[in-house]
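1. coords below, sequence missing:
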């Protein structure tokens, strides 16, 4: 009985450790990404391979599949959709390389020539971890011009002497556009830009509003972020002219274009899922019914209006401010949506997001149940495989008395 319990615990605790360790990473972003479990899988299964190396390939494969399976079941139930296929294959490859690499290293204790093979296998697992399915964004070869008019601190820092500094959203935009900060909309015509991000600007003169209108009617595309209740944190004192206006000042221009000012105010921060599964985080914004983005064709151009400027604040879409170009550190699809709305090409948008607390609880429950069943079946298989132990070892359990129990 004791030997049977030992077999079960080996095959259950290893996958459990993998799932719990990966949850820490997944919790930071809210993504149900199998790749979040890659590093825990590599470490845990390398250790399992070292400890269980004498048990044979069947048990090692069973242990690896248990860890991968629990992680994938959690991801599927938490996101309400199947995990990304490339991430699944990558996680499975890491698991098998790690467990067999550890096993080969254990066998090298009896045959030193195998140590080099084991190290190569583990090096392949490490290489896959480094160059896995998810990679940081790279600049596109052809980047159209994008004019940006804003009072938000997107190109300067509030600390010190307002030193130049790209906000994380600008760092992403620079991979898809030639970004052109602009103070005066009158410069639009001469800039050659056919795309405009108009994000919570300061009060504009009638001549400047007319310049924007003419630019759009001549074929420009404008994405307008007009927030009726800006919640973007600022360390600047109230009344400081460097602060962005707390409410949108583009009402006359938007009404001229035919956008109705009415809408429902979001009183708190919410996660809003689009029909295609993409996620944007809103804070104190305004929307009409279920519509998030409003679009109008104006002359030969187009205007898109989002009633919230807070989503481009990196605190609402980025877990690590130092890594804005790595989508695995995003907590929302906001940068990809902004690029798409500005017709700047595409950013891979196949991220899966944990939907809500109930889905996460159900996902963890099913993962634990599946892991328990898998470990039980594996313990039975292990007992049948014990006669295939590596020659020169003592068998399944080092104590002969335990081998006759259970």
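-> Arrived safely. Just so you know, these numbers come straight off a predicted model, no measurement behind them.

2. make it CA atoms for all contacts and neighbour counts henceforth
-> Noted.

3. low-confidence ranges in this protein?
-> 1, 109-113, 159-163, 261-264, 288-290, 349, 384-406 (pLDDT under 70).

4. residue nearest the middle of it, spatially speaking?
-> Nearest residue to the geometric centre of the chain (CA atoms, centre = their mean): residue 328, 3.5 Å.

5. does that residue really touch residue 133, like I thought?
-> No: counting by CA atoms under 8 Å, residue 133 is not a contact partner of residue 328; they are 10.5 Å apart.

6. chain center to the helix or strand harbouring residue 383: distance?
-> Element membership for residue 383 (DSSP states H and E) is helix 357-385. Averaged C-alpha coordinates place helix 357-385 at 26 Å from its chain's average position (CA atoms, centre = their mean, to the nearest Å).

7. same question for stretch 351-366.
-> Centroid separation for stretch 351-366 versus its chain: 15 Å, with CA atoms, centre = their mean.

8. which element is encountered next along the chain beyond the one helix or strand residue 90 maps to?
-> Here residue 90, judged by DSSP H and E, is contained in helix 85-107. As assigned by DSSP H and E, the chain's next helix or strand after helix 85-107 is helix 115-130.

9. in stretch 366-384, what's buried?
-> Under the neighbour-count criterion of 16 or more other CA atoms under 10 Å, stretch 366-384 has 366-368, 370-372, 374-376, 378-379, 382-383 buried.

10. quickly list the domain ranges of the protein.
-> 2-136+355-403, 145-341 (automatic domain parsing).

11. any chance of those domains in CSV, plus distance to residue 348?
-> Converted to CSV, the domains of the chain look like this (distance: least, CA to CA, whole Å):
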stretch, distance to residue 348
domain 2-136+355-403, 10
domain 145-341, 8
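
12. to residue 347, which of those lies closest?
-> Checking the domains of the chain against residue 347 by CA to CA gives domain 145-341 as the closest, at 5.3 Å.

13. so residue 222: helix, strand or coil?
-> Following DSSP: H, G, I helix; E, B strand; the rest coil, residue 222 is assigned to strand.

14. am I right that it is in contact with residue 198?
-> Yes: checked against CA under 8 Å, the pair residue 222 and residue 198 is within contact range at 6.9 Å.

15. more neighbours: which of the two?
-> Taking other CA atoms under 10 Å, residue 222 and residue 198 do not tie; residue 222 has more neighbours (26 against 21).

16. end to end on stretch 348-357, go ahead and measure it.
-> 26 Å (CA to CA, to the nearest Å).
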